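# I would like to see how this sequence folds:
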Amino acid sequence: MLVRDWLGETAPVDRDRALAELARRFLAGHGPADDRELARWAGLPLRDARAGLTAIAGELVNRDGLLDLAKPEPGELPPPRLLGAFDPLLLGWVSREPILGRYTGVVTVNGIFRPFALVRGRAVATWRLPAGRVDLEPIAPLPRRVEKALEADAVAVERFLGVRP
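As a prediction, the model looks like this:
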């Protein structure tokens, strides 16, 4: 199916404005970073990544040679979620400690990333799918409300994978 058939026709977007917005959103989720990281992440030529960053130069600060938004807009933390193996949240960082804490070896083992549960921006469990059902393995005890939220997400994952009606 074509996107336009699904979503309808869209208004044309000015290329320079689009590159600026892409740079802004990239830094909101991945900053501080440099032009090469933006280009690699977005699959753009380096000149386009630089054009996007130049367009928002007044919104940026330099942090040890890397660019970041001077006033990032705080976003709401997502609800508890099950994330898959090799989720982009963990890829491309020198340190995964802000998300994994001392449990780096539980989620990443010999270059293999295991599926994990994310709660308030932190890994709290790993999970697997034996016999078509999500099996959650908490890293530490979880509050009951978090367990219930992850159980609901497990049902959604199972439905998405077609193993639950």
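
# For the closest residue to residue 51 other than its chain neighbours, give me its contacts.
Excluding its sequence neighbours, the residue lying closest to residue 51 (C-beta to C-beta, 6 or more residues apart in numbering) is residue 19, at 5.2 Å. Backbone N, C-alpha and C define where each C-beta goes, glycine included. Residues near residue 19 by C-beta atoms under 8 Å, 6 or more residues apart in numbering: 44, 48-49, 51-52, 55.

# same deal with residue 85?
By C-beta under 8 Å, 6+ apart, the contact list for residue 85 reads 112-115.

# Please identify which helix or strand holds residue 68.
strand 66-69 (DSSP states H and E).

# Quick one: the strands in this protein, in order.
Assigned by DSSP state E, the chain shows strands spanning 60-63, 66-69, 81-83, 108-109, 112-113, 116-119, 122-128, 135-138.

# sorry, back to before: out of the contacts of residue 19, which one sits closest to residue 99?
residue 49 (25.0 Å; C-beta to C-beta).

# if I look at the residue nearest to the closest one when sequence neighbours are not counted, how far off is residue 10?
Spatial nearest neighbour of residue 49, chain neighbours left out: residue 39 (3.8 Å); criterion: C-beta to C-beta, 6+ apart. As for residue 39, its distance to residue 10 is 25 Å (criterion: C-beta to C-beta, to the nearest Å).

# higher neighbour count, these two?
Neighbour count, other C-beta atoms under 10 Å: between residue 39 and residue 10, residue 39 has more, with 19 against 8.

# got the contact list for the more buried one?
Contacts of residue 39 (C-beta under 8 Å, 6+ apart): 45-46, 48-49.

# For it, give me the pLDDT.
For residue 39, the model assigns a pLDDT of 94.

# same question, residue 75
Residue 75 is given a pLDDT of 74.

# repeat for residue 18
For residue 18, pLDDT reads 97.

# now the one 5 residues further on
Residue 23 is assigned 97 on the pLDDT scale.

# Identify the residue spatially nearest to it, adjacent ones excluded.
What sits nearest to residue 23 in space, not counting adjacent residues and going by C-beta to C-beta, 6+ apart, is residue 52, at 3.4 Å.

# And residue 37, by the same measure?
In this structure, residue 37 finds its nearest non-sequential neighbour in residue 30, 7.0 Å apart by C-beta to C-beta, 6+ apart.

# can you count the residues close to that neighbour?
Neighbours of residue 30 under the rule other C-beta under 10 Å: 15.
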